[in-house]
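> Need coordinates for the following:
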Amino acid sequence: MKESDPTTLLTCLPVPWRETDGGPGVIASFADLTPAAAFVRDAAGRYLWANHAYAHLYGTTRDAVIGRHLADVDAPDDVARFLALDQEVLTQGRSVRHSLTYRRSDGSPGHAAGYRFPVRWGTGRCVAGLYVDVTDLRMLEQRRLAEEDLRTLRDHGGLPCLRLSPDGRVGEAGTAVAELLRVRLCDLIGSPADSLLARTPERRALHRIWDDLVGGRRSSARTCAVLVDGDNGQRRAEVHLSSVCRTPSRVSGVWAVLTHLGLRHAPQPPLTATQVRILALLAAGRSNADIGGTLHLSRQTVDYHLSRLRDLLGAATRPALVARAYVLGILSPQAWPPRSTAAVHPLSPV
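So this is what the prediction gives:
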């Protein structure tokens, strides 16, 4: 057997597996081509042998590894750590099983699991290693755990949320959103999201935002919508949208989370922009004269709008109008001066 023969790593296999000329044979070819990464280093950290799988971890070839020092291949912090592991193996004289992290050729962290063990290489005692790259397996496990956490949050967290497919259908939903919409969860899955929205100006704005999300022009958005439940009741809500990208150029879905839910009410005609501004000014304590001056309306027109708003919202007085505007979600409870929940800009009243 040659001194550099990699069959040294696999002495448990019978000698006849080698070729009779003393060169690397079946076992050598096996060690060279196995998907497990294998290497031999001397006590100083110089590579005496490595197979193709080991070189692939670093994005190079085995010929570029053999004969080089650890410091030529790994980062300084990793070099000190790996040399310490080598010395531990040589000192104890037995194999050590462990996992380790290393730096890939693209700079990303990699993870490997396997064994280091002492070997005789010629006249010297060296360290051999046999490892399997488990980076992708770890990522799959982390993804599985993240998906489990997300499902738990979706189903039991009490937060109304649903995942929509790029064509606008409900792909996943939590029990909280099914209860909110007064429908069975099995009926909600697969239904078009548009069927959950009242035909209001907010719906048209939501369509424009949706086109930007699935088109990849934006990754998240917050807007307002009026939801329609299974009993034809309505309530206003803030909708937080976040796109899910399978690749940088492909959106695989959009998560929608509903917050700041308004009071459920019977269907009613949508308010005009002028009526919403009147409600905002009314909530700020402005008089009819002030409202008319700000909106360039006559006193009679302001009185008409207020009368119309009292009928639409079922409120007999000015304070009751303001209260109803807040509980129905027309005005934002988080803004001052008062403004519409659907306002695009924080300083915009509508």
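
> What strand or helix carries the spatially closest residue to residue 131 that is not a sequence neighbour?
Of all residues not flanking residue 131 in the chain, residue 114 sits nearest, at 3.4 Å (C-beta to C-beta, 6 or more residues apart in numbering). In this view, the C-beta of every residue, glycine as well, is placed from N, C-alpha and C. Using DSSP states H and E, residue 114 sits in strand 109-121.

> Which positions within that strand qualify as buried?
By 16 or more other C-beta atoms under 10 Å, the buried positions in strand 109-121 come out as 110-112, 114, 116-119, 121.

> try stretch 236-246
236-241, 243.

> got it, and stretch 323-331?
324-331.

> Please, where are all the strands along the stretch 101-250 of the chain?
With strands called from DSSP state E, counting those that start in this stretch, the stretch 101-250 of the chain shows them at 109-121, 124-133, 161-164, 170-173, 220-228, 234-247, 250-259.

> Parallel or antiparallel, which strands does the second one pair with?
Put plainly, it is strand 124-133. Strand 124-133 has its sheet partners listed here by DSSP bridges as strand 37-41 (antiparallel), strand 109-121 (antiparallel).

> Give the buried residues for it.
126-131, 133.

> who are the neighbours in contact with residue 73?
With contacts defined as C-beta atoms under 8 Å, 6 or more residues apart in numbering, residue 73 is in contact with 47, 58, 65.

> actually residue 240, not the one I wrote
Per C-beta under 8 Å, 6+ apart, neighbours of residue 240: 220-222, 256-259.

> from these, which would you call buried?
221, 256-258.

> residues contacting the residue nearest the centre of the chain?
Central residue of the chain (C-alpha atoms, centre = their mean): residue 244, 6.9 Å from the mean position. Contacts for residue 244 (C-beta under 8 Å, 6+ apart) come out as 163, 251-255.

> any idea how far residue 275 is from it?
Distance, residue 244 to residue 275, by C-beta to C-beta, to the nearest Å: 37 Å.

> about what we covered before: with distance to residue 213 added, can I get the buried residues of strand 124-133 in JSON lines?
Formatted as JSON lines, those follow (distance: C-beta to C-beta, whole Å):
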{"residue": "126", "distance to residue 213": "57"}
{"residue": "127", "distance to residue 213": "53"}
{"residue": "128", "distance to residue 213": "53"}
{"residue": "129", "distance to residue 213": "47"}
{"residue": "130", "distance to residue 213": "47"}
{"residue": "131", "distance to residue 213": "42"}
{"residue": "133", "distance to residue 213": "36"}
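
> any chance you could map the helices in the stretch 251-350 of the chain?
Secondary structure of the stretch 251-350 of the chain (DSSP state H, counting those that start in this stretch): helices located at 273-283, 288-295, 299-313, 318-327.

> Could you list every helix and strand in contact with the last one?
Looking back up the chat, that one is helix 318-327. Under the contact criterion of 3 or more C-beta pairs under 8 Å, 6 or more residues apart in numbering; DSSP states H and E, helix 318-327 touches helix 273-283, helix 299-313.

> Can you tell me which of those is most buried?
Compared across the helices and strands packed on helix 318-327, helix 273-283 shows the largest average neighbour count, a mean of 21 (mean count of other C-beta atoms under 10 Å).
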